[in-house]
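*Asks:* what follows is a predicted protein model with its sequence.
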Amino acid sequence: MNLSAFVLEASEPDYKAAFDAHPVFLALQDGSFSRTAYLAYLRETFHLIRHTTSTFARAISHVSEAHRSFRGWLLDQAVDEHNHD
């Protein structure tokens, strides 16, 4: 089992518990999630995605040569996110 599979498997119960208890998802389940809250969610998600590429690029510039594979992973993520806004 590789590291990412191990981490996903080990954290699944915690993730599920946090997801099930999150106020947004509870409101979606009971139908009380308002249009205003949905628009705020979309606005915040837009800004998060819009700035992801530049955040990754800045992070890449601070990763040392000793962590070259991590730097490559960040670069791949930045390329994937480019123009998603």
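*Replies:* Noted; the coordinates are in hand.
*Asks:* quick check: longest helix of this protein.
*Replies:* Taking DSSP state H as the criterion, the chain has its longest helix at helix 35-60.
*Asks:* whichever helix or strand comes after that one vs helix 35-60, what angle?
*Replies:* Downstream of helix 35-60, the first helix or strand assigned by DSSP states H and E is helix 68-81. Orientation of helix 68-81 against helix 35-60 (axes from the mean of the first three to the mean of the last three Cα atoms, to 10 degrees) gives an angle of 140 degrees.
*Asks:* show me the shaky parts of this protein.
*Replies:* Low-confidence segments of the chain (pLDDT under 70): 85.
*Asks:* how is it carved up into domains?
*Replies:* 1-33, 34-85 (automatic domain parsing).
*Asks:* just name the most buried of those domains.
*Replies:* The highest mean neighbour count among these, using mean count of other Cβ atoms under 10 Å, belongs to domain 34-85: a mean of 12. All C-beta atoms are positioned from the backbone trio N, CA, C, and that covers glycine.
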